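Visitor: quick one: sequence and predicted model below, then my questions.
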Amino acid sequence: MTKMKEWLVTNGLGGYASGTVTGEITRRFHGLLIAALPNPLGRLMLLNSLSEQLRLPDDKVFYTGAEDLSGGAPEQTLPLSEFRREAGIPVWRYEIAGFVFEKLLLMPHGQNTVYVTYRLVKGPDSLRLSLRPAIRFRAHEAAVNSEMAKNYKVCIVDDCFEVSAGPDLPVLHLKFPDHAATFTFDRKQTREILYSTEESRGYDSKGDLWSPGYFSVDLEPGGQATLVASTETWEIVQALSPEAALAAELKRTRIMLSRAAPEARDGVAAELVLAADQFLVAPVGRVADAARAHAEGDEVRTVIAGYHWFGDWGRDTMISLEGLTLTTGRRLEARWILRTFASAIRDGLIPNLFPEGQTVGLYNTADATLWFFHAIQRYLDYTGDRTMLRLLLPKLREIVARHIEGTLFGIGVDQADGLLRQGAQGYQLTWMDAKVGDWVVTPRRGKAVEINALWYNALRLLEQWLRDEVDEAAARPIQEAAARARESFNRRFWYAEGGYLCDVVDGESGDDTACRPNQVIAISLENPVLEQPRWQPVLDVVTDRLLTPMGLRSLAPGHPDYKPKYDGDLRSRDAAYHQGTVWAWLIGPYIDAWLKVNPSDPTLARRFLEGFIPHRDESCIGSISEIFDAEPPYTPRGCIAQAWSVAEVLRCWVKTAGPVTAAPATSS
């Protein structure tokens, strides 16, 4: 199946609009208004599609997309002459018979609202535009043939249209605020639609939509008309004209770029700054968390790990924090994110994730809490905010104490060697977390290499913070724990035969010597646990066996479990998820490690990022995918836009700013 280019627009709440550039509906997540609503609703698909028909003066009819939702395939599809993004706003341009017609789509920040504007840029006469909205209220991740309602009610007051489906569901508001439009009642079910991407991924792939009728407007040359769809109150919907909404979004974009690091204000980096914005959200569902934050003068902020199906994950948030907020000059939001997760600490752990539609987090993670220390350290480096550190210090001491004593899911220090072990039956607690039913695809119970690198880094950071903010006596036992962990790490993890680090020691089946990328984290962190003489050998192995133009492979070729391609149904994909599949975010730790070994010219490392430049126009326009196949052509897979992918590429782009020189060799 040919991979189609996709676009994404978000609203700062977790809601979004997304589709293919051509207009074909291929995913259950493709829609024009996916609203982020308070729990227990979560994110709902409310406006699935608009069938767009243009009638020329000679009565010839054209459709702008691949779908004629009024029934059957369109006889004539208007050719797309250009797709572009203006300050992150997608714009479609069509040209035929002397007419130039454009469409743009935006979502006002902080609203579950979408504006779809149609412009007749030029032409010899007027055109008639007909829009047929098609809907199927459902949870955005639900199967395409599921629905929350059997019957829809349409209510019209003046020029305001309301579509409802019951007292427990939101009302979809529709309006043309700037143009006289007629509405024709023509209620019908659309033909059954095949969602080709869902079919290829092994999910339910056929479903129909319901339409109440269609709007019609006449466009004069130079004129425009905008359809607004929203779950907000009419007062909010009518507060912004289409022109004001566009002006507000352009102003917000200018301010966003002006706050970013100087190296990130134009070109590739500026585009990534706009992509980074899509992941930073105020989670509207967590009302109690917001109330607690407001009482302390804060706001709740978190990170959507990836579009379309991920929510807010602790690990992804902490790894992404520097690239998404600090590199982009959003330091206050970084503080809010750290405070949000600090308020949710339980048993010495931050949440692994907050499940959508629920109010309580899940804590089944061994590494997110340790990445929390790393994120705090980066925040302090940028801000010097010692007040924040002093507020968090009691919680950080509690975290370390609970890890030393032992906490949930078998997470705790082995008193025999000072290393951190983790694991519980049926759980995968590290970032390599693929699990199908009872099958844990990459079992890593025991002492994982990156977990212990993060543990050592956390101990050294806490040691220094205690020395600075409390006294030497408070820091001394942490210093001793760190020294013991470092000695044991270098003795236990070194795999002399391979010249690299074991992935897990004291695992369920003994020591795991699989060559994986996790070992670079033993070099890349602020406090590297690996002895310096071993940095170069490890980096050489990773460069030779794992490095690709799109990040690091999750397993080296030649291993019996190596999978070169991530494709097929859920079981097939999860079997490959961490068994060779390339992860873009790992380019960040790799470049950090490479610069530790080669500190004299950081601009040399820029070439490791060059593969991402064409990719920005390959999958989700302007963003970076979650994962890639392990072999050429490194087809993008997984989420079309992933927070830590964007964050780490942007962070490293700024870190390696300067003239580009010859590239170090990479493996193919």
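Guide: Noted; the coordinates are in hand.
Visitor: rest of the way, CA atoms for contacts and neighbours
Guide: Noted.
Visitor: what residue is smack in the middle of this structure?
Guide: With distances taken as Cα atoms, centre = their mean, the residue of the chain nearest its centroid is Gly306 (2.4 Å).
Visitor: so it makes contact with Phe279?
Guide: Yes - the criterion here is Cα atoms under 8 Å, and Gly306 meets it with Phe279 at 7.4 Å.
Visitor: what is in contact with these two at once?
Guide: Ala643 (Cα atoms under 8 Å, 6 or more residues apart in numbering).
Visitor: circling back to that earlier point, and the pLDDT for the residue nearest to the centre of the chain?
Guide: You'll see Gly306 listed with a pLDDT of 98.
Visitor: skipping adjacent residues, who's closest to it in space?
Guide: Excluding the flanking residues, the one nearest Gly306 by Cα to Cα, 6 or more residues apart in numbering is Gln642, at 4.2 Å.
Visitor: so which helix or strand takes in Leu539?
Guide: Per DSSP states H and E: Leu539 is located in helix 535-545.
Visitor: for Asp312, give me phi and psi.
Guide: Dihedral pair for Asp312: phi -100, psi 120, per degrees, to the nearest 10.
Visitor: just Thr226 next, same as before
Guide: Dihedral pair for Thr226: phi -130, psi 130, per degrees, to the nearest 10.
Visitor: now do the residue lying closest to it once chain neighbours are set aside: how many residues are near it, please.
Guide: Excluding the flanking residues, the one nearest Thr226 by Cα to Cα, 6+ apart is Thr117, at 4.1 Å. Per other Cα atoms under 10 Å, the neighbour tally for Thr117 reads 20.
Visitor: so for Thr117, what's the pLDDT?
Guide: At Thr117, pLDDT is 97.
Visitor: do the same with Ser70
Guide: The predicted local confidence for Ser70 is 54.
Visitor: roughly how far apart are the nearest residue to Asp567 once chain neighbours are set aside and Asp438?
Guide: Sequence neighbours aside, Arg573 is the residue nearest to Asp567 in space, at 5.3 Å (criterion: Cα to Cα, 6+ apart). Distance, Arg573 to Asp438, using Cα to Cα, to the nearest Å: 16 Å.
Visitor: of those two, which one has the most company?
Guide: Neighbour count, other Cα under 10 Å: between Arg573 and Asp438, Arg573 has more, with 20 against 9.
Visitor: hmm, the more buried one is touching Gln579, no?
Guide: No - Arg573 is beyond contact range of Gln579, at 10.0 Å (criterion: Cα under 8 Å).
Visitor: list the residues that contact the residue nearest to the centre of the chain.
Guide: By Cα under 8 Å, 6+ apart, the contact set of Gly306 is Phe279, Glu626, Cys639, Ile640, Ala641, Gln642, Ala643.
Visitor: let's go with 6 Å and repeat that
Guide: By Cα atoms under 6 Å, 6 or more residues apart in numbering, the residues touching Gly306 are Cys639, Ala641, Gln642, Ala643.
Visitor: format those residues as JSON lines; extra columns: secondary structure, neighbour count and distance to His179.
Guide: Shown next, in JSON lines, are the contacts of Gly306 (DSSP: H, G, I helix; E, B strand; the rest coil; neighbours: other Cα atoms under 10 Å; distance: Cα to Cα, whole Å):
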{"residue": "Cys639", "secondary structure": "coil", "neighbour count": "19", "distance to His179": "38"}
{"residue": "Ala641", "secondary structure": "strand", "neighbour count": "29", "distance to His179": "35"}
{"residue": "Gln642", "secondary structure": "strand", "neighbour count": "29", "distance to His179": "38"}
{"residue": "Ala643", "secondary structure": "helix", "neighbour count": "32", "distance to His179": "38"}
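Visitor: just flag the most distant two among the residues you listed.
Guide: Cys639 and Ala643 (9.7 Å; Cα to Cα).
Visitor: could you list the low-pLDDT ranges of the stretch 51-200 of the chain?
Guide: Along the stretch 51-200 of the chain, segments meeting pLDDT under 70 span 66-75.
Visitor: and the helices in it?
Guide: Counting by DSSP state H, counting those that start in this stretch, the stretch 51-200 of the chain has helices at residues 196-200.
Visitor: can you list contacts of the worst-scoring helix or strand of the chain on mean pLDDT?
Guide: Taking mean pLDDT, DSSP states H and E as the measure, the chain has strand 435-436 as its least confident helix or strand, at a mean of 75. With contact meaning Cα under 6 Å, 6+ apart, strand 435-436 is reached by Val441.
Visitor: adjacent strands (with direction) for that strand?
Guide: strand 439-440 (antiparallel) (DSSP bridges).
Visitor: following the partner strand, which helix or strand shows up next?
Guide: Using DSSP H and E, the helix or strand that directly follows strand 439-440 along the chain is strand 447-448.
Visitor: quick one on the thing from earlier: tell me the one among the contacts of Gly306 nearest to Leu54.
Guide: Ala641 (32.1 Å).
Visitor: surely that closest one and Gly622 touch.
Guide: No - using Cα atoms under 6 Å, Ala641 is not in contact with Gly622, being 8.9 Å away.
Visitor: tell me the domain ranges of this protein?
Guide: 6-253, 260-374, 546-668 (automatic domain parsing).
Visitor: got these as TSV, with distance to Glu463 columns?
Guide: Converted to TSV, the domains of the chain look like this (distance: least, Cα to Cα, whole Å):
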stretch	distance to Glu463
domain 6-253	37
domain 260-374	12
domain 546-668	22
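Visitor: and these: which comes nearest Leu461?
Guide: Here domain 260-374 is closest among the domains of the chain (Cα to Cα), at 7.4 Å.
Visitor: end-to-end on that closest one?
Guide: Its first and final residues considered, domain 260-374 spans 21 Å by Cα to Cα.
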